[in-house]
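Trainee: coordinates only, no sequence provided:
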């Protein structure tokens with residue numbers, strides 16, 4: 001029987017995949033709504049407002065349990081962030097494995113659009129308007 005040792009070109013992506021799976025498993029099992037072991041959002045703790053990422057951990061927890069509506073209720077930007085994050089992560093793992101992967105580079109226009117969406121979302125979700133309460137992270 002041939003034994004194949006895992007070289008560095010395969011151990012890095014394997015370690016990334018294993019670390020990601022462990023993190024996702026913890027997030028799926030331990031509800032961030034309960035607090036520990038997750039830290040509080042600094043923006044929420046210091047300023048009492050929701051940042052663009054507030055509700056993301058609770059949303060990912062709900063998403064890992066197949067509760068899509070609940071996930072989007074915690075943070076609507078998950079609809080955009082999860083696919084984008086998955087793409088970046090897969091390309092990172094592929095590049096770490098030695099595959100010739102073209103780096104993902106956003107044009108200045110795309111970068112400005114992403115930052116603008118995050119800022120508008122953060123401002124809108126914190127406005128004291130009853131019709132916009134559905135955007136908060138609660």
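Mentor: The structure has been received and is ready for your questions. Everything quoted here is computed from the prediction, not taken from an experiment.
Trainee: can we go C-alpha only for contacts and neighbour counts from here?
Mentor: Will do.
Trainee: longest single helix anywhere in the chain?
Mentor: helix 8-29 (DSSP state H).
Trainee: list the contacts of it.
Mentor: Helix 8-29 is contacted by residues 57, 60-62, 64-65, 93-94, 96-98 when judged by C-alpha atoms under 8 Å, 6 or more residues apart in numbering.
Trainee: among these, which are in helices?
Mentor: If you go by DSSP H, those have 57, 60-62, 64, 93-94, 96 in helices.
Trainee: show me where pLDDT drops low in this structure?
Mentor: The chain contains residues with pLDDT under 70 at 1-10, 35-36.
Trainee: show me which positions of stretch 15-22 end up buried.
Mentor: Going by neighbour count (16 or more other C-alpha atoms under 10 Å), the buried part of stretch 15-22 is residue 16.
Trainee: just want the angle from the longest helix of the chain to helix 56-64.
Mentor: Counting by axes from the mean of the first three to the mean of the last three C-alpha atoms, to 10 degrees, helix 8-29 lies at 90 degrees to helix 56-64.
Trainee: helix or strand right after helix 8-29?
Mentor: Downstream of helix 8-29, the first helix or strand assigned by DSSP states H and E is helix 42-47.
Trainee: and the contacts of that next one?
Mentor: Helix 42-47 is contacted by residues 49-51, 54 when judged by C-alpha under 8 Å, 6+ apart.
Trainee: same question, stretch 62-77
Mentor: Contacts of stretch 62-77 (C-alpha under 8 Å, 6+ apart): 24, 28, 52-56, 58-61, 78-79, 134-138.
Trainee: redo that, cut-off 7 Å
Mentor: Applying C-alpha atoms under 7 Å, 6 or more residues apart in numbering, the contact partners of stretch 62-77 are 28, 54-56, 58-60, 78, 137-138.
Trainee: count the neighbours of residue 40 for me.
Mentor: Residue 40 has 13 neighbours, counted by other C-alpha atoms under 10 Å.
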